[in-house]
Structure formats: structure tokens, C-alpha cells
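[1] Pasting the sequence and the predicted coordinates here, then a few questions.
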Amino acid sequence: MNKKAFQADQVSKSFGALRVLDNVSITINPGEVVGLLGPNGAGKSTFINILAGYERQDGGTVTIDGHPLDGLSPSARAKLGVARTFQSGRLFSKLTVAENVALGAIGLGNSAKVAKERTQSILEILGIEKLSPYQAESISHGNARLVGLARAVAAHPEYLIMDEPAAGLNEDEAPRLIHALESVTKNIGCGMLLVEHNVKLVTDACSRVIVLATGTLIFDGDPHEALKHEEVKSAYLGNAGVH
Amino acid sequence: MRHGGVTKFSFQNLFGPIIIISALTFFVGRTSASLQLITQFTLCYFMMVLALQVFVGNSGVLSFGHGSFALIGSYISGMLTAPINIKGHALAMNQLWQALVPLHTNIYLALLISAIISAFFAALTGSLLMRLSGLSAGIATFALLGVTYNVFFNNKRIGPGSQALPAVPTISNTYILLLLAALAIVVVYLFNISSLGRTLIATREDAMAAPALGINIYRVRLIAFTLSGFLAGLSGGMYVHVAGTFQVQDYYLEFTFLTLSMLIIGGSASLWGALLGTIVISTIGQLLLMMEQDLPIFGIHAHIPEGSRAVIIAVAFVAVLLWRSSGIANGKEFSIPTFWRK
């Protein structure tokens, strides 16, 4: 067991007779950005829900820096350094952008002063400080994704799980997201697991990629190698290639 | 994009409601003795609506159980201040546990004790109830109200049961009630804009996203429920010292429905909504009551059948839920209208 890593070891999950995850093992090292690819129904969402504590696995174990997380709630995992973002953003709509981001720090028990400082710093790092006073429900979808990232990063997590951060982004917004992820890696230095359908984003932003197909891990390695991997091409990429 | 936010301190957000409730108390309360009494009851209701706002408004979890805390606050303050000879000899109290008879203190200490014990009761029951959400929480809190009511209604060893405890000393000075209401506004406002208040609002806005930020939903709801129980207990204590008698029935379904209507119609998400709802429903309710009793309103007789008041308030409640679920205040705190600003 790696002492300094976020790990899933032999994780399995079934819904009734349907085996959604079959002994999946992954390791994310500190500061490493890892992509998680897979077709619809591959078990990606179930897997990250298990990692973040939103679902319980039937078998296997999840650890952070050697400490088992099994049975811990999402809030307890957040306190141990596991943050996540959501596919649909899930910002607190009546709160401002600054209030949303500050909650990332406040939720872990930091003072309002620390939360305010972190909020300013993170919004500046991501280049969205001008959004601070606006209600979260009134900002654009692309900005909402960045605010969701800022909120998760405000916790200064050890590891960040991102659920399809590029979903719904247009061609102009996707590069902003990649730039934001690079800024987070550079300034915060947390390990990241990036669940994405956008293969180009994954190959651009990640140093390693993991591919799931029908609940089984079929590839773990260099992103560019994944594009050439026969099983990955057959299960996921097909003839579509990079888009 | 809209400016907004709910957790930034603003003098007008805080002092606007205090000035308005003070002005109304001053002007309406001086008009006549009956209006003064109505003002006093309204201040008691307002305290209860504030209690509901702290928990229901900020957490989004509906509670029908707050009447329990008001009942306990009222009971304790009434029992601690009623004359010893009344407790010892009144017909209604002939089965009273004798150890309760000599307990006696002044009104203000009794109010404090009643609020603290209500808060303790809220923490105790909340430690179980706060594990629930949505429909389950609504039903469970309703059960709490039913249990508390039936225990006090049927048990003459601890109180007057279904009878009234008479001769409870009254607070004749309306400004003392106003002072308590103003203090409660300050407490509730500071809670709402605090980090804790913000985390509670976050759990209301998205109960799935909040835990991902380390927010322990159970813990923040329990703290709010306890503070809410304190204010509800204080409300019950104030009420008994305005009514001058303690009756279990005063804190049951009608009380629960009325105070929840005030909160929902005014707008549950803000302190300003709590005040607006209390003022609007109290005023309309009083006018409808006068119409039921065929009393003239500004010299005009407009009679409506008995019971219409409850029906009309219920219809208003449903209408707000249907067409303006965020209430009159629309989730906003008090601010001076733009056209009045230079």
C-alpha cells in the first residue's frame, strides 16, 4: 500500500444482478493529474461516487495516504482531503460566487477570515475574481464550472475528483478550463482524477489515463498510448478518435 | 448577472426590521387597549416566526414540532411565576405533583429558564429528528408536537392538563416584549450571516453538494434547531405572560398553522420575510376576525361567516405556495427602496 496516495483497491459494486464495477484498482499520486475515461455505463460515476463516499462498495477498499476511508461520509472524507466537483455544477444558487467559494474553506472549519483570503486568491488564480459579487444562479454555464472548481479547491484538498468538468462547455470555454486546471496544479498542487468524455482535454491536461469498460479497468498508462490501445479503441474510442 | 448574497452584514438589513417593528409597536400599541393587546400577541407570534425562520427558513426542512417548544416554554414560565396558592389550591391543579408547587421566581428569570429548557428539549429531540429530511422530517416533527401536546393535555401531575392555569402574571409593558423581539432580530440576523448560517443555507440549496465541502448536515441542522427551540420557548414564555393563563391548547394545531403561514407567506428565506408575514397575517387576521364578529372597520360593517378567517388564511397560504413560493419578501432582506435613495 502506497503511503502517500489516493487509492482504490479491488473495488466492486453490483446493483442487483448487474455488476457495475469488477475489482477496480487505481492509484493517484500527490500532485498527479489522472484522467478517467469510459463509455456510458462503464461505471465511472459509480466509481467516483464510491471514492467520494456517496455510495458504498460491495468489496475492496479506498484509502488516502494509507488511511482507509470505507464507511466514512462525504463530509468526513472531505475533512481528510478528498474534494469533488459535480457534473451539473451544483452551486448554491442563492449565494454569491464569493460565498460559494468561501464555503469550500468554511465547511472544513476554517475561519471566515481564512475563507475570505482563500476565496480572493483562488478566484484570482482562475481569473474569475470579477464574478465575486454575483449570484451563482445568474452566471454562465462555463463560469459556473470554474466556480465549482474554485469552491472545491478552496478546501485545499489533497485530492480532487472532477466529474465531467468540460460537459456543456463550448470551444472557447474548454481551453479556459484546461488553463484553470493547470493553474490549480501549479498553485495548489493537489492530485486530480478527471472524469471526462472529452479525450482531447484528457490528453492535454492529464499525465496518465485510466479507462473503464463495463466495470472493468482495461487501461492505465500514458494518455497517448491509450489512443493506440486496441481494447480502448474498441470499447470507447471506436473510429471517432480524438475530438 | 445579478448582484446578491445573503451573508454580508448590512445596517439596513438589520436595523430596518427593528425600526419598522418599533414604529408599529409604538403607534398601533398606543391607539387603544385592545390594539395594544393585539400588538403584544403579535410580538409573541413574531418571536415564534423568527424561531421558525432560523431553522425552517435556512435549512429548508419543514417542522411542525416547534409548537412543542413554545408549549414547554409557556408551561415552565407559567408554572414558575403563577402564585403558589393558585398552584396549590386551584381545582384544576388538585392532582399536581406537590414538589412543583413551591417553585417560584420572577417573570424575567422564568423567561430565561423556559427558553433554555426549551432549547435543551430541542437539542434532545433534534439529536434524533435531524437525521431525517423532507417528508420524513415533517411527519416526525408533527409526531413530536402530538406527543408533547398529549403528555401535557392528559397529565395533571405536571400541570393543569386540559384546564387552564390562571393568574399567571402578565407583562403589561409592551416595550419589554419589543425589546425581546429586537434582541431576537439581532441574534437571528447575526446567525443568518455567520459562517454557520451560511453552511445551513448551503444544505438547503443543495444537500448533495454540501457534504462534499466537509459540511456535516446533521450537526449544522442540530445547532440551528437548538437555537430555534430557544426562541420558540421564549415565544411561548412571552405568550403566557401576555395571555395571563397557561392552556395547552394554545400551542397546538392552530398556533402551528398560523405561525407557519406567517413564515411562508412572508418568505421563509429571510428575516425580513418573517417580519412581513407576521405583520400581514396579523393585520389581515385581525380585520377578518372583526368582520366575523360584525364589528365596524373604519365605520363599515362587512360581515363574514364565523370560521372564514382560518379559511382565508389557508387559501392565502396555498396561493403563495402555488404562485410565489419564495413569499412576499422573495428571499430578500430589508432594503430601502431605490426611489427613496439619493
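    Thanks, I have it.

[2] Which pLDDT value goes with residue 47?
    You didn't say which chain, so I picked chain A. With respect to pLDDT, residue A:47 has a value of 97.

[3] hm, I was asking about chain B
    Predicted confidence (pLDDT) for residue B:47: 98.

[4] Show me how the record splits chain A into domains.
    With automatic domain parsing serving as the domain definition, the record reports that chain A contains domains spanning A:1-81+A:157-243, A:91-156.

[5] Need the winner for burial among those.
    Comparing these by mean neighbour count (mean count of other Cβ atoms under 10 Å in any protein chain shown), domain A:91-156 comes out on top with a mean of 22. Glycine gets a C-beta too; all of them are placed from N, C-alpha and C.

[6] Could you list the low-pLDDT ranges of chain A?
    Where chain A drops to pLDDT under 70, the residues are A:1-3, A:237-243.

[7] show me where it has strands.
    Using DSSP state E, the strands of chain A run over A:6-15, A:18-28, A:33-37, A:59-64, A:67-68, A:82-84, A:159-163, A:191-195, A:208-213, A:216-221.

[8] for chain B, same thing?
    Here chain B has no strands by DSSP E.

[9] Which positions in it make contact with chain A?
    Applying Cβ under 8 Å from any Cβ of the partner chain, we find that chain B lies next to chain A at B:1-7, B:195, B:198-199, B:201-202, B:205-206, B:208-217, B:269, B:331.

[10] if we can go back for a sec, what's the closest of the strands of chain A to chain B?
    Shortest distance between chain B and the strands of chain A, using Cβ to the nearest Cβ, is found for strand A:82-84: 5.0 Å.

[11] do that closest one and chain B meet at all?
    Yes. Strand A:82-84 is in contact with chain B by Cβ under 8 Å from any Cβ, via A:83, A:84.

[12] What is that strand packed up against?
    helix A:44-52, helix A:141-153, strand A:159-163 (3 or more Cβ pairs under 8 Å, 6 or more residues apart in numbering or on different chains; DSSP states H and E).

[13] and the shortest one, how far out from the chain's middle?
    Translated: strand A:159-163. 2 Å (Cα atoms, centre = their mean, to the nearest Å).

[14] what about it, near chain B?
    No. Contact between strand A:159-163 and chain B is absent, the nearest approach being 9.0 Å (criterion: Cβ under 8 Å from any Cβ).

[15] Next, count neighbours for the closest residue to residue B:70 other than its chain neighbours.
    Sequence neighbours aside, residue B:236 is the residue nearest to residue B:70 in space, at 3.4 Å (criterion: Cβ to Cβ, 6 or more residues apart in numbering or on different chains). A count of neighbours around residue B:236, defined by other Cβ atoms under 10 Å in any protein chain shown, yields 35.

[16] isn't residue B:236 right up against residue B:248?
    No. Applying Cβ atoms under 8 Å, one finds residue B:236 not in contact with residue B:248, separated by 11.0 Å.

[17] Quick one: residues contacting residue 64.
    Assuming you mean chain A. Counting by Cβ atoms under 8 Å, 6 or more residues apart in numbering or on different chains, residue A:64 touches A:6, A:7, A:77, A:80, A:81, A:82, A:158, A:159.

[18] wait, I meant chain B there
    For residue B:64, the contact set (Cβ under 8 Å, 6+ apart) comprises B:138, B:141, B:142, B:144, B:145, B:256, B:260.

[19] returning to that earlier point: tabulate the strands of chain A (CSV), appending distance to residue B:27.
    As requested, the strands of chain A are arranged in CSV below (distance: least, Cβ to Cβ, whole Å):
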stretch, distance to residue B:27
strand A:6-15, 64
strand A:18-28, 66
strand A:33-37, 65
strand A:59-64, 62
strand A:67-68, 64
strand A:82-84, 54
strand A:159-163, 57
strand A:191-195, 62
strand A:208-213, 70
strand A:216-221, 74
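
[20] right, and these - which one's nearest residue B:82?
    Proximity to residue B:82 (Cβ to Cβ) singles out strand A:82-84 among the strands of chain A, at 56.3 Å.

[21] Can you give me the distance of residue A:165 to residue A:84?
    Residue A:165 sits 11 Å away from residue A:84, going by Cβ to Cβ, to the nearest Å.

[22] scratch that, residue A:10
    22 Å.

[23] same thing with residue A:203?
    Residue A:203 sits at a distance of 22 Å from residue A:84 (criterion: Cβ to Cβ).

[24] With residue B:296 instead?
    Remark: distance between residue B:296 and residue A:84 (Cβ to Cβ) = 65 Å.

[25] These two: which has the busier surroundings?
    In terms of neighbours (other Cβ under 10 Å), residue A:84 is the more surrounded of residue B:296 and residue A:84; the figures are 28 against 10.

[26] By residue count, tell me the biggest helix in chain B.
    Taking DSSP state H as the criterion, chain B has its longest helix at helix B:217-243.

[27] Please name every helix or strand in contact with that one.
    helix B:33-52, helix B:58-59, helix B:66-81, helix B:107-129, helix B:174-193, helix B:195-205.

[28] Name the residues of it that are buried.
    By neighbour count on 16 or more other Cβ atoms under 10 Å in any protein chain shown, the buried set for helix B:217-243 is B:217-218, B:220-243.

[29] Which residues are in contact with the residue nearest to residue B:70?
    B:48, B:69, B:70, B:71, B:72, B:73, B:74, B:75, B:77, B:114, B:118, B:251.

[30] quick one: the most centrally placed residue in chain A from residue A:19, how far?
    Residue closest to the average C-alpha location in chain A (Cα atoms, centre = their mean): residue A:162, at 1.8 Å. Distance, residue A:162 to residue A:19, by Cβ to Cβ: 26 Å.

[31] Look up phi and psi at the residue located most distally from the centre of chain A.
    Most distant residue from the mean C-alpha position of chain A: residue A:17, 28.3 Å away (Cα atoms, centre = their mean). Residue A:17 has phi and psi values of phi -90, psi -10 when expressed as degrees, to the nearest 10.

[32] these two touch, right, residue A:34 and residue A:211?
    No. The pair residue A:34 / residue A:211 is not scored as a contact, 11.2 Å apart, by Cβ under 8 Å.

[33] ok, now how distant is the residue nearest to residue B:70 from chain A?
    According to Cβ to the nearest Cβ, to the nearest Å, residue B:236 and chain A sit 31 Å apart.
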